[in-house]
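1. Pasting the sequence and the predicted coordinates here, then a few questions.
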Amino acid sequence: MEAVKKIIDSKLLNGVVTLPKNFRDKKVEIIIFLSEEKKALPKLSIKEIDAMVKGSVSASLVGVLPDSGKSLEEYRTERLNKYEHTN
């Protein structure tokens, strides 16, 4: 990573950077790095975030069945019948 270093009088930074009191009227070392440009993230409401999380969680589950009021035994029988001849 490329950087630029320079030692300067802290007075040159007045109006540019707020320095602590103990830095005033002293020599300071300035180190400059390139900053990655950050993309602004969209502002989402709690409702939108909840919907996204719920959607991603349910979409990632394989074999999830919507609640149709069936008992576990009924689901079991249905699945066994469905895959009975798939050897």
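-> Alright, I've got the coordinates.
2. any chance you could map the strands in this protein?
-> For the chain, the strands defined by DSSP state E occupy 3-9, 27-33.
3. who does the first one pair up with?
-> Spelled out, that is strand 3-9. strand 27-33 (antiparallel) (DSSP bridges).
4. Can you tell me what sits against the strand it pairs with?
-> Around strand 27-33, the neighbours that count as contacts under C-beta atoms under 8 Å, 6 or more residues apart in numbering are Met1, Glu2, Ala3, Val4, Lys5, Lys6, Ile7, Ile8, Asp9, Ser10, Leu13, Leu19. Every C-beta, even on glycine, is put in place using the N, C-alpha and C of the backbone.
5. now for those residues, which pair is the farthest apart?
-> Maximum pairwise distance among the contacts of strand 27-33 (C-beta to C-beta): 26.7 Å, between Met1 and Asp9.
6. Look up how far Thr18 lies from the closest residue to Ser10 other than its chain neighbours.
-> Using C-beta to C-beta, 6 or more residues apart in numbering and skipping residues adjacent in sequence, the residue nearest Ser10 is Val28, 4.8 Å away. According to C-beta to C-beta, to the nearest Å, Val28 and Thr18 sit 13 Å apart.
7. Give me the more crowded residue out of these two.
-> Neighbour totals were compared for Val28 and Thr18, and Val28 leads with 16 against 8 (other C-beta atoms under 10 Å).
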